[in-house]
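Peer 1: What shape does this take:
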Amino acid sequence: MRLTIWAVFTLGVCACTAGDSDTGALPEASVTSTNRSARSDPALQRVEPFSIFDNVYYIGIGWVSAYLVDTGDGLIMIDALYDDFVDTAIEDIKGLGFDPEDPEYILVTHGHFDHVGGAGEFQQQFGAQVVMTEADWELTEASLGPSEQALVWDMVATDGDEIVVGNTTVHFYVTPGHTPGVLSLELAVRDGEAEHRAFTFGGVGLNLEGVERTEVYLR
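Peer 2: So this is what the prediction gives:
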């Protein structure tokens, strides 16, 4: 009998920082400069790739996540990092015994630069197909940095769509909030002989800019 439970892994990092002063907060400039410095430091951000489930691996960095799904007949990437950290993802894929040309799809959970910035290199250099919602394809055009490659619209994900690669079916859910077109995912993951259903939230931090954005999220 197959055992099915729900497993959840999160695709972003939400950090709340409090200072030691009487006000409970550091000056904004100090927090900003510290965060920017830490986020751009490869030594501080380096995380060795590791297995979450038998068929799911972490290939992200310290402050932003990326995942690799082994389908038995090709790979699926979930998010693609950005800038210099794209090379980190490529190294991690190789370190896990795979080839950077193995990912057939890159499922981009939302169009912020830190999740989509590296997708262009995988698309153009290795032939991976990039998948995003229409709203976040449009957002991405304004999000890529000057050193990042522009993207070709391979696939526009809509609510209820799915892709099948090897032994893995990934179901798509459009869950606006963090961006107008957040993409959340459901797939089977394995732990030994047990199979579980995993659901990834494509962006848990809410950027609710005005009433209209809030109403979209609530729907």
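Peer 1: quick one, helices of this structure?
Peer 2: Assigned by DSSP state H, the helices in the chain fall at 28-39, 42-45, 85-95, 113-116, 119-126, 134-140, 211-218.
Peer 1: tell me which residues of the second one are tucked away?
Peer 2: Within helix 42-45, the residues that qualify as buried are Gln45, counting by 16 or more other C-beta atoms under 10 Å. Yep, even glycine has a C-beta here, placed from its N, CA and C like the rest.
Peer 1: Check the burial of the spatially closest residue to Ser51 that is not a sequence neighbour by counting its neighbours.
Peer 2: Among residues not flanking Ser51 along the chain, Tyr57 sits closest, at 5.5 Å (C-beta to C-beta, 6 or more residues apart in numbering). Using other C-beta atoms under 10 Å, Tyr57 has 22 neighbouring residues.
Peer 1: try Gly166
Peer 2: Around Gly166 there are 15 other residues, counting by other C-beta under 10 Å.
Peer 1: Same check on Asp41?
Peer 2: By the criterion of other C-beta under 10 Å, Asp41 has 11 neighbours.
Peer 1: So for it, what's the pLDDT?
Peer 2: Listed pLDDT for Asp41 reads 72.
Peer 1: For Asp79, see how far away it is.
Peer 2: Here Asp41 is placed at a distance of 20 Å from Asp79 (C-beta to C-beta, to the nearest Å).
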